[in-house]
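K.L.:
Here is my input, please return the structure:
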Amino acid sequence: MLAGGGVGRWPKEGSDDRLLIVDSATISGLLSVSEWIDVVEQSLRGVADGTVVQDVRQILPLPDYRDRGRVLSMMFGAVREPACFGAKVISVFPDNFDRGIDSHRGAVLLFDAEDGALRALLHGGEITAARTAAASAVATRALSRADSRVLAVLGYGEQASRHIDAIAAVRPIEEVRCWGRDNIKAAAFAERIAARHQVRTFASTTVAEAVGGADIVCTTTGAKMPILFGHMIEPGMHLNVIGSSTADYREIDTAAVVCSSIWVDYRAMTEVSAGEYLQALAEGAIGSDHLIGEIGTTLNGALRGRTDAEEVTMFKSLGMPAEDLYAAERLYRMAIEKGLGTRVPL
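P.N.:
Sure, this is the predicted structure:
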């Protein structure tokens, strides 16, 4: 997709086959929050209409996985229009947050569908961070009540911040509640959010306090055991559950799963990696039909959305190759058009 929205052939610079490297700072300046949301919506729709061929995430637990949850992750796929294919390879080190560095580090490799050439290497952490929040915003726009004004965010890391930015772009948020395990850090995070968004912002000392009365709840933690429980869920809420991405981790308990209507980004990924869903299924609390379906199908009009103001809706996000590829292709085009990035010979 061209930066202006049209479809066309990839820009070529004569016989220049050098690799274009696009770093984090360049990526962060190319797309606005609203543009990220639009790109990710295209990817979700593409998965639903068969434009995308992709596989589930491949994860290699590293030797210290049991103690630290560290993994090497790879996702790959191909897109028919705009024509491209590629892969994202990243390390996930959850404990990096405590050291003040990114938890997701790696790159998206973008290939040319015409001749198979590797055209670009783009900062994987920046793409992951932006598209994850954008996907939640797409789902929130499709599933939450239009009058949702109170947002609760569990966690105070990068995804918490990005989710507030993205959700505020699709709903008229007037109040934000923040919770994290460290009350001092949660309070500092709340102060930063208040200064940036000019909305009422509070640091809550408990999860129950944060989510009580909230219209939208985003769980953005690396919790292995549930932090949000079914008895805390209120009629009409919308949940974005995004922090856990392996079968043995879950941020919400089985009761919260049972009381929610669940949409996902990519069902095949859900069936192997969504701990909340898989553990509720294993316990016999739900059947496979408890999943409503992929959010892209709802966006395309072939699947229902929210049925009434009382329904509890949930978007379980795991990320998928299509999101990375649609974003990388758009960023590559924009970098070429603006003369950004660094060319290196292979």
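K.L.:
okay, now the domains of this protein?
P.N.:
19-128+322-344, 135-319 (automatic domain parsing).
K.L.:
As a markdown table, those with mean pLDDT would be great.
P.N.:
Rendered in a markdown table, the data for these read as follows (pLDDT from 0 to 100):
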| stretch | mean pLDDT |
| --- | --- |
| domain 19-128+322-344 | 94 |
| domain 135-319 | 97 |
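K.L.:
What's the local residue count around the closest residue to I21 other than its chain neighbours?
P.N.:
Counting by C-beta to C-beta, 6 or more residues apart in numbering, T342 is the residue found nearest to I21 once chain neighbours are left out, at 4.6 Å. All C-beta spots, glycine's among them, are computed from the backbone N, C-alpha and C. T342 has 13 neighbours, counted by other C-beta atoms under 10 Å.
K.L.:
Please apply the same query to A120.
P.N.:
Residues lying near A120 (other C-beta under 10 Å) number 24.
K.L.:
can you start the count at 690 instead of 1 from here on
P.N.:
Yep, numbering from 690; the last one is A809 now.
K.L.:
Which secondary structure state does it sit in?
P.N.:
Under the three-state scheme (DSSP: H, G, I helix; E, B strand; the rest coil), A809 adopts strand.
K.L.:
Just list whatever residues bridge to it.
P.N.:
Going by DSSP bridges, A809 is paired in beta bridges with L709, L799.
K.L.:
show me the contacts for it.
P.N.:
Contacts for A809 (C-beta atoms under 8 Å, 6 or more residues apart in numbering) come out as L708, L709, I710, V711, V797, L798, L799, A1017, Y1021, A1024, G1030.
K.L.:
can we see that at 7 Å?
P.N.:
By C-beta atoms under 7 Å, 6 or more residues apart in numbering, the contact list for A809 reads L708, L709, V711, L799, A1017, Y1021.
K.L.:
Hmm, V1033 and the first one touching each other?
P.N.:
Think L708. Yes - proximity of L708 to V1033 meets the contact threshold set by C-beta atoms under 7 Å, at 5.3 Å.
K.L.:
between these two, which one's more packed in?
P.N.:
Neighbour tally, L708 and V1033, criterion other C-beta under 10 Å: the higher count belongs to L708, 17 against 10.
K.L.:
residue nearest the centroid of this structure?
P.N.:
Central residue of the chain (C-alpha atoms, centre = their mean): T821, 1.8 Å from the mean position.
K.L.:
That one reaches I931, doesn't it?
P.N.:
Yes - here T821 reaches I931: they are 6.1 Å apart, a contact under C-beta under 7 Å.
K.L.:
what about A818, which helix or strand?
P.N.:
helix 813-832 (DSSP states H and E).
K.L.:
May I see the buried residues of that helix?
P.N.:
Using 16 or more other C-beta atoms under 10 Å as the burial criterion, the residues of helix 813-832 that qualify are 813-832.
K.L.:
and if you look at stretch 991-1004?
P.N.:
The neighbour-count check on stretch 991-1004 (16+ other C-beta under 10 Å) flags G994, R995, E1000, V1001, T1002, M1003, F1004 as buried.
K.L.:
Dump that stretch to PDB, restricted to CA.
P.N.:
Extracted as PDB, the C-alpha positions of stretch 991-1004 are listed here (Å, rounded to 0.1, in the frame of the first residue of the first chain):
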ATOM      1  CA  ALA A 991     -19.300 -11.500   8.000                       C
ATOM      2  CA  LEU A 992     -19.400 -12.000  11.800                       C
ATOM      3  CA  ARG A 993     -21.300 -10.300  14.600                       C
ATOM      4  CA  GLY A 994     -19.900  -7.700  16.900                       C
ATOM      5  CA  ARG A 995     -21.200  -6.500  20.300                       C
ATOM      6  CA  THR A 996     -24.900  -7.400  20.600                       C
ATOM      7  CA  ASP A 997     -26.000  -5.000  23.400                       C
ATOM      8  CA  ALA A 998     -24.700  -2.600  26.000                       C
ATOM      9  CA  GLU A 999     -24.500  -5.200  28.700                       C
ATOM     10  CA  GLU A1000     -22.300  -7.800  26.800                       C
ATOM     11  CA  VAL A1001     -18.700  -8.200  28.000                       C
ATOM     12  CA  THR A1002     -16.400  -8.300  25.000                       C
ATOM     13  CA  MET A1003     -12.800  -9.300  24.900                       C
ATOM     14  CA  PHE A1004     -10.100  -9.100  22.300                       C
END
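K.L.:
The stretch 790-939 of the chain: strands as residue ranges?
P.N.:
793-801, 807-812, 839-843, 864-868, 889-892, 905-908, 927-930 (DSSP state E, counting those that start in this stretch).
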